[in-house]
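*Asks:* build the 3D model from these lines:
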Amino acid sequence: MTLALPLALPPALPPLTPSPRSALAFPQPPPLRRLRERFEACVARLLDPPRLELRIDVQHPPQSIETELDALHGRLHDPDDALSRCTALPSPCPARFPGLAFRHREADGEHYIYVEDVANARLAGYTVFNRLIEVDRRADRHARAPHSKYAPAYQGRGIATAVYELALAGCDGLQGADGTPFFLVSGARQSVGAHALWQALGRRHALRYVALRDRCMYDLGCAPPAAQRDHLGTRMILLGQGWSLARLGALGLLHRDARAGAEAANGPMRRRA
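*Replies:* The predicted structure follows:
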């Protein structure tokens, strides 16, 4: 008698998994079109930064301003420091700036105005009128580039505007080589607040755009094209007391050749190309 043995079933197979070397084991790249779009977006951000009129892109962190002003305030009251020998200036508007003291010093042709909040024993801020390396000796006798730093609590109160007005009026030692006030030239870059200050002063004083090239200034008029205003060599000038376009031309400080002015503004772009 023969016994029929049951047939053994084969063991269940494990679920299929891709080999560690299989392409299916790794995340797949995005479709080629999406990859190209991402690449083009990255390149655009690197090669095509937003255009800003007169390069209005300066931002000073508030904490760094406060730290610098605290250090300067200590120097103002250190009898062994040169800053302690600043001369006092009359307040441009005592009723508007109660408790603020204006102090002036000059070093190597550059002028510093420190504004101290005496009641609170702190420095509100300062403005420095720098010499420009971009102009020749004749212009250096009369032109200065102002730069300001004021603590956030004192911004927007018209303090820097009042200090600029002192320079444009040639007040108490803020004067050029022949005793006339300086005319002011904007820097290569500005903060939003500085640009607004210049535009406000331009409603009370003559404001022009110039192109700096080969240490000379070329007149670009009152409203050059937006693309030209963005060139690195394009600046603004403010004319204070005693200054006019005719006097700038007579002293050889401003060239009126429009074609030369356009070439001056385009020069930096060609050099970068």
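
*Asks:* make it CA atoms for all contacts and neighbour counts henceforth
*Replies:* Fine.

*Asks:* pull the distance from the helix or strand containing L197 to the chain's centre.
*Replies:* Using DSSP states H and E, L197 sits within helix 192-201. Centroid displacement of helix 192-201 relative to its chain, using Cα atoms, centre = their mean, to the nearest Å, is 12 Å.

*Asks:* going on from that helix, what's the next piece of helix or strand?
*Replies:* Following helix 192-201 toward the C-terminus (DSSP H and E): strand 206-213.

*Asks:* the inter-axis angle of that following strand versus helix 192-201?
*Replies:* Taking axes from the mean of the first three to the mean of the last three Cα atoms, to 10 degrees, one finds strand 206-213 and helix 192-201 inclined to each other by 120 degrees.

*Asks:* name the helices or strands packed onto strand 206-213?
*Replies:* strand 216-221, strand 234-239, helix 258-272 (3 or more Cα pairs under 8 Å, 6 or more residues apart in numbering; DSSP states H and E).

*Asks:* quick one: strands adjacent to it?
*Replies:* The pairing partners recorded for strand 206-213 under DSSP bridges are strand 216-221 (antiparallel), strand 234-239 (antiparallel).

*Asks:* how about TSV for those strands, with mean neighbour count added?
*Replies:* TSV is the format used below for these (neighbours: other Cα atoms under 10 Å):
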stretch	mean neighbour count
strand 216-221	23
strand 234-239	24
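
*Asks:* could you export the ones you listed as TSV, including distance to A121 and mean pLDDT?
*Replies:* Listed next are these as TSV, based on distance: least, Cα to Cα, whole Å; pLDDT from 0 to 100:
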stretch	distance to A121	mean pLDDT
strand 216-221	43	94
strand 234-239	33	94
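
*Asks:* all strands for the protein, in order.
*Replies:* 87-89, 100-107, 110-117, 122-130, 143-150, 183-185, 206-213, 216-221, 234-239 (DSSP state E).

*Asks:* quick check: beta-bridge partners of R208?
*Replies:* R208 forms beta bridges with I237, as assigned by DSSP bridges.

*Asks:* test my guess that it contacts M236.
*Replies:* Yes. R208 is in contact with M236 according to Cα atoms under 8 Å; the separation is 5.6 Å.

*Asks:* which one of the strands paired with strand 206-213 lies nearest to R137?
*Replies:* strand 216-221 (10.0 Å; Cα to Cα).

*Asks:* check the offset of the closest one from the chain's centre.
*Replies:* Taking Cα atoms, centre = their mean, the mean C-alpha location of strand 216-221 is offset from the chain mean by 21 Å.

*Asks:* follow-up on the earlier one: flag every buried residue along the helix holding L197.
*Replies:* A194, H195, L197, W198, L201 (16 or more other Cα atoms under 10 Å).
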